[in-house]
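*Asks:* Below are the sequence and a predicted model for it; my questions follow.
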Amino acid sequence: MSKPSVGTYTIYSRVLSPSGDKLYMTWNQSDNTVNLEAPTGADNQKWSIKDYNSNTQTISPSTASDGQIDYGNGGLSVRPSNDYTFTFRSSSTGYIIADGSGNTNFWKVADAVVYIRATYGTPSDDLRQRWILEKQ
């Protein structure tokens with residue numbers, strides 16, 4: 001398991017949109033959902049990754065340290081901080097991001113289209129479960 005270093009990142013899907021655009025994890029503050037959107041450079045597309053322990057990390061919006069990504073309401077959401085943790089495994093096709101246990105729920109995108117909700121599911125080799133991190 002190879003976790004990223006602590007810092008601020010943009011995170012985008014390994015699968016590009018039909019028009020070839022990268023789709024970035026974006027915090028929709030009005031309902032706290034996490035959707036995939038075209039790059040804007042805005043703060044709601046930047047995520048703070050911090051170590052929780054030697055194996056897991058927390059992921060928060062870069063401008064809201066009192067919130068963390070978690071599972072809820074049908075997909076990934078930003079919820080009040082409560083030690084929600086994730087594991088990262090690097091592969092040749094990108095990071096695999098899973099719950100703190102590392103073997104139950106894996107981040108994914110159903111279709112690589114703008115404004116789709118980021119969700120989670122059982123592990124697979126599908127590239128829709130691979131993520132690229134760019135340190136800011």
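*Replies:* Arrived safely, thanks for sending.

*Asks:* Could I get the phi/psi values of the most far-flung residue of the chain relative to its centre?
*Replies:* Going by Cα atoms, centre = their mean, the residue of the chain most distant from its centre is S19, 21.6 Å out. Its backbone dihedrals place S19 at phi -90, psi 0, with angles given as degrees, to the nearest 10.

*Asks:* ok, for R89, nearest residue in space, not its chain neighbours?
*Replies:* The spatially closest residue to R89, leaving aside those adjacent along the chain, is I96, at 4.5 Å (Cβ to Cβ, 6 or more residues apart in numbering). C-beta here means a position set from N, CA and C on the backbone, and glycine is covered the same way.

*Asks:* residue ranges of the strands in this protein, please?
*Replies:* Shown for the chain, the strands assigned by DSSP state E span residues 7-13, 24-28, 33-37, 47-51, 57-61, 67-72, 75-80, 86-91, 94-99, 106-108, 119-121, 131-135.
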